[in-house]
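J.: Starting from these lines, generate the structure:
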Amino acid sequence: MTAAQTYASDVAFTPAVKSIQTRKGSREGYAHSEQRGWRTEIDENLAAFLADANSFYFATASADGQPYIQHRGGPKGFLKVLDRQTLAFTDYAGNRQYITQGNLSENPKAYIFVMDYAHRRRVKIWGEARVVEDDGALTTSLMLKGYRARPEQVILFKIAAWDTNCPQHIPQKFDAPDVAAALAARDQRIAELEAEVAALKGKASLPSSES
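T.: Have a look, this model is predicted:
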């Protein structure tokens, strides 16, 4: 049975966690942060962060607590904000193991972990999720045009709490399309500068007119 929660952060800071924090000396600091409160609603900053995400990790657990983490990816904007406490995404057809769906059928608790390697940022989101299989209108509204994937169902995620982490130990990585675009812009600028240099050299080599 889930213990009553006083603070939003209690979703993660269970009595067992707080006991260890006390033993290792970090409880006082986290006690101050939990009184300030973890966020329980989507604000503008989180909405913008999620709109730019093309990848995240989705964690569930079976009824007996066996954890499972699966990657979810798609075009930027595929993880959508429906309201201040609800996220949704299209669950594309894949390897047909259905571990996530099986877990959610007996344990709705879930977790979303979003990494932004380029800017070394991460967001942790706790909540509950459910699978919606037979809502064609909802599936269509969440499916991004032009993306070649077969939608199988929708997962709705109700936020209980969310928080951010410091950038410590996050390796900086960039998506291949972003790198390709940056290199293309660089090459174009180099070509423009080379053309300018050639034009200037051409003018310098012309004989000067005599008065």
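J.: Is the residue nearest to the spatial centre of the chain in a helix, a strand, or coil?
T.: Closest residue to the average C-alpha location of the chain: Val114 at 3.1 Å, with Cα atoms, centre = their mean. Reduced to three states with DSSP: H, G, I helix; E, B strand; the rest coil, the structure at Val114 is strand.
J.: Please report how far it lies from Leu79.
T.: 8 Å (Cβ to Cβ, to the nearest Å). C-beta: built from backbone N, CA, C; applies to glycine.
J.: what do the two both touch?
T.: Counting by Cβ atoms under 8 Å, 6 or more residues apart in numbering, the common neighbours of Val114 and Leu79 are 50, 53, 56.
J.: Strands - which of those land there?
T.: Counting by DSSP state E, the shared contacts of Val114 and Leu79 place Phe56 in strands.
J.: which among the shared contacts of Val114 and Leu79 end up buried?
T.: 50, 53, 56 (16 or more other Cβ atoms under 10 Å).
J.: Redo those residues as CSV? Include pLDDT.
T.: Compiled in CSV, those are given as follows (pLDDT from 0 to 100):
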residue, pLDDT
Leu50, 97
Ala53, 95
Phe56, 97
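J.: and of these, the nearest to Thr90?
T.: Taking Cβ to Cβ as the measure, Thr90 sits nearest to Phe56 out of these, at 13.3 Å.
J.: what's the longest strand in this protein?
T.: Max-length strand for the chain by DSSP E is strand 151-164.
J.: could you point out which element follows it?
T.: Downstream of strand 151-164, the first helix or strand assigned by DSSP states H and E is helix 176-205.
J.: helices or strands next to that next one in the packing?
T.: Using 3 or more Cβ pairs under 8 Å, 6 or more residues apart in numbering; DSSP states H and E, no helix or strand is in contact with helix 176-205.
J.: and the angle for the helix or strand of the chain with the lowest mean pLDDT with strand 151-164?
T.: One helix or strand of the chain scores below all others by mean pLDDT, DSSP states H and E: helix 27-36, with a mean of 87. On the basis of axes from the mean of the first three to the mean of the last three Cα atoms, to 10 degrees, helix 27-36 is oriented at 120 degrees to strand 151-164.
J.: mind listing what's buried in helix 27-36?
T.: Neighbour count says helix 27-36 has 27, 30, 34 buried, by 16+ other Cβ under 10 Å.
J.: Roughly how far does the first one sit from Thr6?
T.: Taking Cβ to Cβ as the criterion, Arg27 is separated from Thr6 by 14 Å.
J.: swap in the last one?
T.: From Glu34 over to Thr6 the distance is 8 Å, taken as Cβ to Cβ.
J.: do the same with Asp83
T.: 25 Å.
J.: Ok, Ala181 next?
T.: If you go by Cβ to Cβ, the gap between Ala181 and Thr6 works out to 48 Å.
J.: for Ala180, same thing?
T.: 49 Å.
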